[in-house]
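J.: based on what follows, work out the 3D shape:
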Amino acid sequence: MPATDAPAAAVRALRPPRPTHDPWLPQGVTVELERGPGGEFTPSATVFLTGAECPFTCVFCDLWRYTIDGPTPAGALPAQLRAALEQLPGLLREAGLDRCDQLKLYNASNFFDRRAAPEEDLEPIAGLAAGFQRVVVECHPRLVDERVRRFADRLPGRLEVAMGLETAHPEALSRLGKQMTLEQFDRAAERLRADGVDLRVFVLVGVPFVPAEEQAKWVAESVRHAVGAGARSVALIPVRGGNGELERLRGLGLFEPPDLALLEECLAEGLRAAEASLAVQVDPWDLEQVAAGCDACRDARVAAIREMNRTGAPPRTVGGDRG
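T.: Here you go, the predicted model:
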């Protein structure tokens with residue numbers, strides 16, 4: 001495995017202090033209508049769980065902010081999920097929805113890492129999720145193991161695992177601290193298929209080590225790789241600074257935060273690459289925090305991104321002047 005530009009300890013040393021979180025309380029709950037691979041819209045709830053940090057120190061990651069020092073206490077995740085589900089009826093009413101068919105459990109780490117999700121918690125979590133047709137969890141490809149099948153067997157509904165491909169650019173991927181190759185990703189995807197588990201893929205926009213003028217090309221290539229791996233959907237994630245390491249890389253000319261113009265372009269190219277074989281969407285979380293590049297066109301670009309998210313159709317032309 002090629003070495004990253006900085007060892008994990010050096011990356012962690014550049015971080016600002018970690019906020020303090022109560023491991024018995026979730027980070028939050030949201031509801032939305034999510035477009036699926038066939039254009040259908042599914043009422044979906046996302047529960048942001050609190051737990052142990054991921055053991056992989058990626059140079060782009062900001063999810064450690066939402067984790068705790070040390071392992072997740074046994075019993076904490078079911079307690080968080082119960083508290084979140086108590087909020088769900090009110091949130092659905094506010095959103096004008098009468099039901100929720102899909103539950104996403106995102107723990108800012110890996111659902112199949114025993115340090116992040118204790119083995120004894122999987123059965124009660126499955127019981128709490130029994131009323132949903134689909135349950136989505138996140139996990140690093142190298143941690144996809146027999147626990148996936150066991151958890152899937154506990155669910156009356158369908159299990160989907162979200163894995164970070166990040167980029168199909170092999171050199172950039174080797175430098176991200178992900179400790180994963182494209183071949184390892186593909187083997188994990190194949191294991192999910194063999195176990196009857198669906199795949200969701202995360203792809204980055206603004207990948208460090210990839211020139212700005214090549215970002216859209218490699219997003220499209222990453223979407224094609226996800227199609228080949230059998231994914232149902234791809235979420236495009238704009239890389240956000242603030243962890244110290246990205247600022248260091250920016251100073252070296254190896255990273256530039258993506259703006260809305262690039263995000264719009266990458267989404268359009270990702271949709272074209274998918275050719276309607278899967279759903280491609282920009283993750284709307286903190287979309288308003290992405291730099292506009294041009295303040296006068298911020299609202300128009302956000303509207304264009306949201307419209308592509310809704311329709312799954314790229315525009316005839318992309319966004320205009322990058323400004």
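
J.: phi first, then psi, for Gly196.
T.: Backbone torsions of Gly196, given as degrees, to the nearest 10, read phi 70, psi 30.

J.: scratch that, Val205 is what I was asking about
T.: For Val205, the backbone dihedrals (degrees, to the nearest 10) come out as phi -110, psi 130.

J.: which strand residues bridge it?
T.: Taking DSSP bridges as the rule, Val205 bridges to Pro238.

J.: how close does it sit to Val31?
T.: According to Cβ to Cβ, to the nearest Å, Val205 stands 25 Å off from Val31. All C-beta spots, glycine's among them, are computed from the backbone N, C-alpha and C.

J.: and those two? Which one has more around it.
T.: Val205 (27 against 20; other Cβ atoms under 10 Å).

J.: grab the nearest non-local neighbour of the spatially most central residue of the chain.
T.: Nearest residue to the geometric centre of the chain (Cα atoms, centre = their mean): Phe202, 4.8 Å. Spatial nearest neighbour of Phe202, excluding adjacent residues (Cβ to Cβ, 6 or more residues apart in numbering): Gly164 at 4.3 Å.

J.: how about the secondary structure of the one you found?
T.: Secondary structure for Gly164, judged by DSSP: H, G, I helix; E, B strand; the rest coil, is strand.

J.: and for it, the neighbour number?
T.: For Gly164, using other Cβ under 10 Å, the count is 24.

J.: do Glu171 as well
T.: Neighbours of Glu171 (other Cβ under 10 Å): 10.

J.: host element of it?
T.: helix 170-174 (DSSP states H and E).

J.: again, but for Phe185
T.: When secondary structure is defined by DSSP H and E, Phe185 falls within helix 182-194.

J.: so how far is that helix off the chain centroid?
T.: Centre-to-centre, helix 182-194 and its host chain are 17 Å apart (Cα atoms, centre = their mean, to the nearest Å).

J.: may I see the buried residues of that helix?
T.: Using 16 or more other Cβ atoms under 10 Å as the test for burial, helix 182-194 gives Leu182, Gln184, Phe185, Asp186, Ala188, Ala189, Arg191, Leu192.
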